[in-house]
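A.B. asks: here is a sequence together with a model predicted from it:
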Amino acid sequence: MKKKITFIILVLWMIVIFCFSAQNGTRSSGISRFIGYGIAEKQNQLQQQEKSKEKIEEQVEGMQFLIRKSGHMGEYALLAILVLAHMSCYANKPKRYYLWGWSVCILYAITDEIHQLFVPGRSGRIFDVGVDAVGSLVGIAAFTIFLQLFAYFRKKN
């Protein structure tokens with residue numbers, strides 16, 4: 001049962017990533033701009049500043065790259081966690097499936113960038129595969145830390 005549930009969740013997350021990649025350039029940029037405006041306006045409120053619309057626009061433009069790449073990293077960190085969670089249903093030795101899990105994430109990132117070549121206003125970039133690979137490593141590290149903490153508290157009780 002655990003194998004089926006982890007597989008379904010993994011496939012659903014892969015579909016979510018595919019859907020984000022299927023958005024045209026205008027829609028994708030609009031989402032990251034919306035997030036950027038939210039951050040800039042909240043910062044403006046918290047710091048009790050009265051920034052002009054032009055200053056806020058400059059700030060949003062400056063944050064675009066970071067927001068977009070953080071999105072990539074977050075998507076693939078979660079993908080790595082889900083891949084490892086599913087693979088852990090089959091093996092008891094995590095060291096063996098970390099490399100396999102990372103490989104699955106990188107292969108999916110490559111296919112995702114190829115997919116974006118066919119989406120209007122989007123492009124496939126090798127750099128983004130690298131960002132996704134780093135995000136996957138973050139997910140693997142988080143999964144590893146969780147397993148170690150789980151084992152520690154299990155042993156303690």
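C.D. replies: Done, it's in. Numbers count the residues shown, from 1 in each chain.
A.B. asks: show me what the mean pLDDT comes to for the helix ranked longest in the chain.
C.D. replies: Longest helix in the chain by number of residues, with DSSP state H as the criterion: helix 53-87. Across helix 53-87, pLDDT averages out at 87.
A.B. asks: mind giving me the packing neighbours of it?
C.D. replies: When contacts are defined as 3 or more CB pairs under 8 Å, 6 or more residues apart in numbering; DSSP states H and E, helix 53-87 packs onto helix 2-22, helix 25-46, helix 94-116, helix 126-156. Any C-beta I mention is one placed from the backbone N, CA and C, and that applies to glycine too.
A.B. asks: so what's residue 152 up against?
C.D. replies: By CB atoms under 8 Å, 6 or more residues apart in numbering, the contact set of residue 152 is empty.
A.B. asks: ok and the longest helix of the chain relative to helix 25-46, angle-wise?
C.D. replies: Helix 53-87 runs at 110 degrees relative to helix 25-46, counting by axes from the mean of the first three to the mean of the last three CA atoms, to 10 degrees.
A.B. asks: where does pLDDT dip in the protein?
C.D. replies: Applying pLDDT under 70 to the chain flags the ranges 91-94, 157.
A.B. asks: report the central residue of it.
C.D. replies: What sits nearest the mean C-alpha location of the chain, by CA atoms, centre = their mean, is residue 75, with 1.7 Å.
A.B. asks: I figured that one was touching residue 135, is that so?
C.D. replies: Yes: Residue 75 is within contact range of residue 135, at 6.8 Å (criterion: CB atoms under 8 Å).
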